[in-house]
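>>> build the 3D model from these lines:
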Amino acid sequence: MRIPILSFCLLFCIYNFGQQILPENERAVVVDEILEERFNVLLPELMDAAGLDMWLVISREYNEDPVIKTMLPATWLNARRRTILLFYRNKNNNTIDKLAVARYNVGESIVSAWDKEKEPDQWKRLIELIEERDPNKIGLNFSKDHNIADGLDKTDYDEFMSYLPKKMHSKVVSAEQLAVRWIETRTPREMIIYNQLVDITHDIISEAFSEKIITPGVTTTTEIEWWLRQKVTDLGLKTWFHPTVDVQRSSEELVDHLYSFSGRPDDLTILPGDLLHCDFGITYLRLNTDCQELAYVLKPEEKSAPNFLIDGLKEGNRVQDFLTKNMIEGQTGNEILSKSLKEARDSGLRPAIYTHPLGNYGHSAGTTIGMWDSQGGVMKDDGENYPLNKNTVYAIELNTTITIPEWNRDIRIMLEEAGFYGENGFRYVNGRQTELLLIPRVKKHLGN
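As a prediction, this is how the structure comes out:
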């Protein structure tokens, strides 16, 4: 099957699915405006909460700290040479210094504080700036528990410590809590954008799982995966992982959960009666989505999915409900996981929960609520000790196993939706799937 490829529309903006996808120059404006708000409003609050009055983010070109990548202006795709950012919070004066020990300003918010002609040594200039401010604590990005907060490489750490006066060594601490809060926390404006981004994701899946793209008996799962990739590229967006499409059908046994991620047969032809499942996420305006939805391929005589699949989706929604009602500020991922699994199992469900933070990264920093291969809870170095905070986004990722007598087998109802935890508790960013997508869509004007 040859899948039609949409030509990329070189307009000032692209309208698709009712959402506006901005051209690159307008995206840059939005990214930089959000950054300015995060630096000037959010960062002081986070530094106060973390008890850090100085935060150093040190990185080199093409070996960027994951944190610094979220701080660079839209026109900086990488750090330049060695880029050192210094943030100093004076809580008494309610001020925050945002300095770059670099040859250039880093966007509009971070001002260059290094004149190489006056002080050729970049490290010496950094020490001068530190000594002028005499912080109580100096936070660096090293962490055992959070990989995204562990971006300072050994060379830069050793260099910095060799220049830092011995009397100040005791002030050096891990900035992991601040780094994670910076990565995980979303502003109100970012959440408006997130709604649009998830809506676009839902609509791309809806198109992929339709008769427009799928011809039963002809189209393969691999073709749909590449159609998804191409669709995103044609829209001027990016995927942060290669999408997957898999099939559950009456003639096959339920296999290991790993099957959904690796080991699936390529080019599996889609047939009537199949239950399709996709895993798909996109990147736009430095935010990411991660979504799994289900579709049913109608047999010639069918106008709806079988009741056992409709009921199966409802059971998947019930597992979602058990999880999201237990998402309470201050609870750790393991605490939320344990209570949710128990309540779901006590109700007769067979759940698995493996929900992860979502934001600047697809698998982002924050509260980890299970892993598919760690249903007894995750270890400390996977973030078990990190509590749920407000203004954070999660991929509500889980499944429930159901028995289908008509197929004489078990299947998994696998779901994933973006959810937001804020001042008013939990909500889905842009809704969730409560009805199976049908291929083809039933045309209501047609009679028997």
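>>> make it CA atoms for all contacts and neighbour counts henceforth
Fine.
>>> so how far is the host helix or strand of Thr233 from its chain's centroid?
Taking DSSP states H and E as the criterion, the element that holds Thr233 is helix 221-234. With Cα atoms, centre = their mean, to the nearest Å as the basis, helix 221-234 stands 20 Å off its chain's centre.
>>> check stretch 124-135 too.
Stretch 124-135 has its average C-alpha position 36 Å from the chain's average C-alpha position, going by Cα atoms, centre = their mean.
>>> check what contacts that stretch and list those residues.
53-54, 88, 101, 114, 119, 163-164, 171 (Cα atoms under 8 Å, 6 or more residues apart in numbering).
>>> show me those that map onto helices.
When DSSP state H is applied, these are split such that Tyr163 fall in helices.
>>> least confident of the contacts of stretch 124-135?
Comparing pLDDT over those singles out Trp114 as the least confident position, at 90.
>>> what's the distance between that residue and Pro73?
Note on Trp114: its distance to Pro73, by Cα to Cα, to the nearest Å, is 19 Å.
>>> repeat that for Arg181.
In terms of Cα to Cα, Arg181 sits 20 Å off from Pro73.
>>> over to Val31?
With the distance defined as Cα to Cα, Val31 ends up 7 Å from Pro73.
>>> neighbour count: those two, which is higher?
Neighbour totals were compared for Val31 and Pro73, and Pro73 leads with 21 against 18 (other Cα atoms under 10 Å).
>>> any idea how this structure splits into domains?
Under the assignment named as automatic domain parsing, the residue ranges that make up the domains of the chain are 24-182, 186-439.
>>> tell me the most buried of these?
domain 186-439 (a mean of 19; mean count of other Cα atoms under 10 Å).
>>> what about it, distance to the chain center?
So, by Cα atoms, centre = their mean, the centroid of domain 186-439 is 13 Å from its chain's centroid.
>>> avg pLDDT for that domain?
Averaging pLDDT along domain 186-439 gives 92.
>>> and the strands in the stretch 101-250 of the chain?
111-112, 138-140, 172-174, 238-239, 244-248 (DSSP state E, counting those that start in this stretch).
>>> distance of Leu35 from Arg89?
As defined by Cα to Cα, Leu35 lies at a distance of 17 Å from Arg89.
>>> for the residue lying closest to Glu176 once chain neighbours are set aside, give me its contacts.
Distance criterion Cα to Cα, 6 or more residues apart in numbering; nearest residue to Glu176, sequence neighbours excluded, is Ala149 at 5.2 Å. Going by Cα under 8 Å, 6+ apart, Ala149 touches 66-67, 141-143, 175-176, 179-180.
>>> rerun that using 10 Å as the cut-off
The contact partners of Ala149, taken as Cα atoms under 10 Å, 6 or more residues apart in numbering, are 65-67, 140-143, 174-183, 365.
>>> mind checking pLDDT for the closest residue in space to Ile148 that isn't next to it in sequence?
In space, and not counting its chain neighbours, Ile148 is closest to Pro66: 5.7 Å by Cα to Cα, 6+ apart. Predicted confidence (pLDDT) for Pro66: 91.
>>> residues in contact with Pro66?
Neighbouring residues of Pro66 by Cα under 10 Å, 6+ apart: 57, 59, 141, 147-152, 179, 183, 360-361.
>>> and the strands of the stretch 101-250 of the chain: which comes nearest Glu45?
Evaluated with Cα to Cα, the strands of the stretch 101-250 of the chain place strand 138-140 nearest to Glu45, the distance being 15.4 Å.
>>> within its sheet, name the partner strands of the closest one and how each one runs.
Using DSSP bridges, the neighbouring strands of strand 138-140 in the sheet come out as strand 54-60 (parallel), strand 172-174 (parallel).
>>> okay, these in JSON lines with distance to Pro243 next?
Below are the strands paired with strand 138-140 laid out as JSON lines (distance: least, Cα to Cα, whole Å):
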{"stretch": "strand 54-60", "distance to Pro243": "31"}
{"stretch": "strand 172-174", "distance to Pro243": "36"}
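>>> out of those strands, nearest to Asp199?
Within the strands paired with strand 138-140, the stretch nearest Asp199 is strand 54-60; the backing value is 34.1 Å (Cα to Cα).
>>> quick one: distance of the closest one to the chain centre.
Relative to the chain's own centre, strand 54-60 is displaced by 23 Å; criterion: Cα atoms, centre = their mean.
>>> stretch 115-134 now?
Averaging C-alpha coordinates over stretch 115-134 and over its chain gives two centres that are 37 Å apart (Cα atoms, centre = their mean).
>>> can you give me the end-to-end span of it?
Stretch 115-134 end-to-end distance (Cα to Cα) = 21 Å.
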